[in-house]
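*Asks:* below are the sequence and a predicted model; questions follow.
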Amino acid sequence: MTTLARRTDPLSSHLAAARHAPAAQSNKALLYEWVCRYPGYSSNQIADAIGMERHEVARRLPDLRHDGLLESRVPVGGGELTWWPAEGSGQQELGM
């Protein structure tokens, strides 16, 4: 699991991260389930589809990639990154 504050961040960032950790985990679970069900969409498209702010989605998707659950791909011919379940992730539990 990734952390919401860097080791070099000030104490206030760590306190804010601790307050937001449950919501971030919940959003990660929602995003993971959605991408497993509907692979191949960009973070912008995902945000529109599930009613989250784009910046929230754009922060949580790389966390899921870091956790080995999702992968991102650049479409042939360019464009926005699209998100897919990672090879072999097989709809794992997120440990919440």
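*Replies:* Yes, it's here.

*Asks:* all strands for the protein, in order.
*Replies:* 70-73, 82-85 (DSSP state E).

*Asks:* in JSON lines: these, plus mean pLDDT and mean neighbour count.
*Replies:* (C-beta placed from N, C-alpha, C; glycine too.) Output for the strands of the chain, formatted as JSON lines (pLDDT from 0 to 100; neighbours: other CB atoms under 10 Å):
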{"stretch": "strand 70-73", "mean pLDDT": "96", "mean neighbour count": "17"}
{"stretch": "strand 82-85", "mean pLDDT": "97", "mean neighbour count": "20"}
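
*Asks:* how much space separates N44 from T8?
*Replies:* As judged by CB to CB, to the nearest Å, N44 and T8 stand 30 Å apart.

*Asks:* again, but for G40
*Replies:* From G40 to T8 the distance is 36 Å (CB to CB).

*Asks:* contacting residues around the residue nearest the centre of the chain?
*Replies:* In the chain, the centroid-proximal residue (CA atoms, centre = their mean) is L61; its distance is 2.1 Å. By CB atoms under 8 Å, 6 or more residues apart in numbering, the contact set of L61 is L31, V35, S43, I46, L70, S72, W83.

*Asks:* correct me, but I50 touches L30?
*Replies:* Yes. I50 lies in contact with L30 (CB atoms under 8 Å); the separation is 6.7 Å.

*Asks:* contacting residues around the nearest residue to W84 once chain neighbours are set aside?
*Replies:* Closest residue to W84 apart from its sequence neighbours, by CB to CB, 6 or more residues apart in numbering: P39 at 4.6 Å. The contact partners of P39, by CB under 8 Å, 6+ apart, come to T82, W83, W84, P85.

*Asks:* ditto for T82
*Replies:* Here T82 is in contact with P39, G40, Y41, S42, S72, R73, V74, P75 (criterion: CB under 8 Å, 6+ apart).

*Asks:* picking that back up, neighbour count winner among N44 and T8?
*Replies:* N44 (13 against 6; other CB atoms under 10 Å).
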